[in-house]
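Asks: pasting the structure only:
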């Protein structure tokens, strides 16, 4: 799990990350969809990461669903598990490609996740982390 914690991190974090593995979203959710029944702030669930500052911004954006949707070029799950997304960096639209592997404990996503089988929350969090 060196991508989540390495030898320079605190022992407590390294120990906690030992229980995590990576799974594709299609292996976690039977019928995953990027967007399901619309986009609302209530779709967002916080995981173990403790990044409520980020999720509160995401929640504010979700008040205007078209802003969330505009971040996604790839709006449907695909067999390759690759998603092209757009975020603003210093005012410039920046393309970001992410895959659909997420850290899990058992079959449960460890970090933020969406309501039901929606994956937009996880993909946006992953794109932001990649930045």
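Replies: Noted; the coordinates are in hand. Everything numeric here is computed off the predicted structure, so don't read it as measured data.
Asks: from now on I want contacts and neighbour counts done on CA atoms only, so please keep to that.
Replies: Fine.
Asks: poorly predicted segments of the chain, please.
Replies: Applying pLDDT under 70 to the chain picks out residues 1-10, 13-17.
Asks: can you pull out the helices in it?
Replies: Assigned by DSSP state H, the helices in the chain fall at 11-17, 25-28, 52-62, 65-69, 120-130.
Asks: so what does the second one touch, helix or strand wise?
Replies: Counting contacts by 3 or more Cα pairs under 8 Å, 6 or more residues apart in numbering; DSSP states H and E, helix 25-28 packs against no other helix or strand.
Asks: about what we covered before: I'd like the helices of the chain as TSV, with mean neighbour count appended.
Replies: Conversion of the helices of the chain to TSV gives the following (neighbours: other Cα atoms under 10 Å):
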stretch	mean neighbour count
helix 11-17	13
helix 25-28	18
helix 52-62	15
helix 65-69	16
helix 120-130	19
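Asks: how about those helices, which one is nearest residue 101?
Replies: helix 25-28 (6.3 Å; Cα to Cα).
Asks: list the contacts of the closest one.
Replies: 32, 100-102, 107-108, 119 (Cα atoms under 8 Å, 6 or more residues apart in numbering).
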